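Student: starting from these lines, generate the structure:
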Amino acid sequence: MAFVDLSISQKKMREIRENGELIPVKFGFKTWNQLDKGRLIMGSKKCTVLIGGEPNHGKSQVAYELTLQMIEKHGYKVALFSTESGDVEKIFSILCSMYIGKPYSKIRPDGKPNYNAMTDGEAEEAEYFLLQHLYIFKQDRKDSNYQTLENIYLQLHKAEEFYNIKFDSLVIDPVYDVQDFEPKAAEVLRVLNRFNLEAEENNRFDIMVNHVGETSKITDKNGNRKKLLALPDEFYGGKNNQRKAQLMLLVHRPIPTVDINGRWLEGFGEGDTVVKENQTDIHVLKVKPEGIAKFGKYPIFYDWKKRRYYEADDDEGVPYVSYADCTRFKNERPNFTDVTKITASPEEAFGPANYNSKNDEDEEFPF
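Tutor: Predicted coordinates:
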């Protein structure tokens, strides 16, 4: 350790004076870019974000949303190290469907044709676009050394050399599958220090997905049991998350009180807080460096048909809903179909796709 002569660092200090401390990485939601209204969530090069949440609250989906927005809005090259979402091909197909806003597969989960699937041309467009920007590491679950933090960064630098590129972001989902990330203070501290250092030294904005520990449960006036919101020190790994993480976001799905079209659900009515069925709340729990975000709650809403989030706001008395401004379908209106009210047509329920064909009498009557 040695002291630094400030005269040597003066040039860099002047760069900070002229350009600010942050290298902004903005997202496509309008409500996340209204500093004059006290609302701001963005990233910055040389910085990191830790995203946490309960199981099944959508933290991976939110991480994918931010990943795709960085690609769509800034043309970033992103490395994705994911152990929970399946094989490389599966993850690519998920992001292809998010990019186009339509299902990638021509076959539905029940084995019937998917008439809402993207066209062959749209599939080629999505594949070509993402292949220019997204790099997904194949997992080797039989080799525990493969998932060490050291190996993740080794593979990252190997990919940069092989493809002759420089990554703008590394996304690790989830961090608790990293072999080093044990629930011990020293290990958590070491992993987060390395995570922050690698982002700073390589001029990246990195995303790490975590989950939160068990929080206390309460029962509301309607008899619903729910957990209290997690605090920063309740992320897996304890207080060192709060100490060493930079930007911290909590993904939370609150108990809905109205359906997707704003009608009160059973047991709720006037006087209750309006929470839509497809609502996800993003809570800013920690802000570092200063100016990267504003504390508060930021509701976003999931469109199951496009697999993307949209925002809703009241702009000077005029309500509006919109997808992120970087999506290819930003001018389309989000889908407000209640998924619980969807029923199959007689053709879909009882007959094959070509049930009208008269070539085979058996096809007319499935039974």
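Student: please tell me how far Phe92 sits from Arg308.
Tutor: 16 Å (CB to CB, to the nearest Å). All C-beta atoms are positioned from the backbone trio N, CA, C, and that covers glycine.
Student: so which of the two has more stuff around it?
Tutor: More crowded of Phe92 and Arg308, by other CB atoms under 10 Å: Arg308, with 25 against 19.
Student: Ile51: which element?
Tutor: strand 47-53 (DSSP states H and E).
Student: C-alpha coordinates for that strand, CSV please?
Tutor: Presented in CSV, the C-alpha positions along strand 47-53 are these (Å, rounded to 0.1, in the frame of the first residue of the first chain):
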residue,chain,number,x,y,z
CYS,A,47,-20.6,-0.6,-11.3
THR,A,48,-22.7,-3.6,-10.3
VAL,A,49,-26.3,-4.4,-9.3
LEU,A,50,-27.5,-7.1,-7.0
ILE,A,51,-31.1,-8.3,-7.7
GLY,A,52,-32.8,-10.3,-5.1
GLY,A,53,-36.2,-11.8,-4.3
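Student: which elements pack onto that strand?
Tutor: If you count contacts as 3 or more CB pairs under 8 Å, 6 or more residues apart in numbering; DSSP states H and E, strand 47-53 packs onto helix 59-74, helix 185-201, strand 205-209, strand 247-252.
Student: how far does the third one sit from the chain's center?
Tutor: Spelled out, it's strand 205-209. 10 Å (CA atoms, centre = their mean, to the nearest Å).
Student: ok, that strand: who's next to it in the sheet?
Tutor: The strands beside strand 205-209 in its sheet (DSSP bridges) come out as strand 47-53 (parallel), strand 169-173 (parallel).
Student: give me the angle between it and helix 185-201.
Tutor: Angle between the axes of strand 205-209 and helix 185-201 is 150 degrees (criterion: axes from the mean of the first three to the mean of the last three CA atoms, to 10 degrees).
Student: now the helix or strand following strand 205-209: average pLDDT?
Tutor: Scanning forward in sequence from strand 205-209 by DSSP H and E, the next helix or strand is strand 217-219. On average, the pLDDT along strand 217-219 is 82.
Student: contacts for strand 217-219, please.
Tutor: By CB atoms under 8 Å, 6 or more residues apart in numbering, the surrounding residues in contact with strand 217-219 are 225-228.
Student: flag every buried residue along stretch 108-128.
Tutor: Residues of stretch 108-128 classed as buried by neighbour count (16 or more other CB atoms under 10 Å): 117-118, 122-123, 125-126.
Student: ranges for the helices of the protein?
Tutor: Ranges of helices within the chain are 6-19, 59-74, 88-100, 120-131, 149-163, 185-201, 239-244, 346-350, 361-364, based on DSSP state H.
Student: could you dump the ones you listed into a markdown table and include mean pLDDT and distance to Lys288?
Tutor: Converted to a markdown table, the helices of the chain look like this (pLDDT from 0 to 100; distance: least, CB to CB, whole Å):
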| stretch | mean pLDDT | distance to Lys288 |
| --- | --- | --- |
| helix 6-19 | 76 | 16 |
| helix 59-74 | 97 | 18 |
| helix 88-100 | 94 | 29 |
| helix 120-131 | 97 | 31 |
| helix 149-163 | 92 | 21 |
| helix 185-201 | 89 | 10 |
| helix 239-244 | 87 | 10 |
| helix 346-350 | 56 | 52 |
| helix 361-364 | 40 | 64 |
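Student: looking at those, which is buried most?
Tutor: helix 59-74 (a mean of 22; mean count of other CB atoms under 10 Å).
Student: what helices and strands are in contact with it?
Tutor: Helices and strands touching helix 59-74, by 3+ CB pairs under 8 Å, 6+ apart, are strand 47-53, strand 78-82, helix 88-100, strand 169-173, strand 205-209, strand 247-252, strand 308-315.
Student: same list (the ones you listed) but as JSON lines, adding distance to Glu161.
Tutor: JSON lines is the format used below for the helices and strands packed on helix 59-74 (distance: least, CB to CB, whole Å):
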{"stretch": "strand 47-53", "distance to Glu161": "23"}
{"stretch": "strand 78-82", "distance to Glu161": "13"}
{"stretch": "helix 88-100", "distance to Glu161": "20"}
{"stretch": "strand 169-173", "distance to Glu161": "15"}
{"stretch": "strand 205-209", "distance to Glu161": "19"}
{"stretch": "strand 247-252", "distance to Glu161": "29"}
{"stretch": "strand 308-315", "distance to Glu161": "34"}
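Student: now, the most widely separated pair of the buried residues of stretch 108-128?
Tutor: Greatest spatial distance among those (CB to CB): Ala117 and Glu125, at 13.8 Å.
Student: and the contacts of strand 217-219, which two are furthest apart?
Tutor: Most distant of the contacts of strand 217-219, by CB to CB, are Arg225 and Leu228, 11.4 Å apart.
Student: coming back round to it: out of the helices of the chain, nearest to Glu214?
Tutor: Using CB to CB, the nearest of the helices of the chain to Glu214 is helix 239-244, at 15.3 Å.
Student: which other helices and strands contact that closest one?
Tutor: helix 185-201.
Student: could you check the angle the helix it packs on makes with helix 149-163?
Tutor: For helix 185-201 against helix 149-163, the angle by the same axes, to 10 degrees is 20 degrees.
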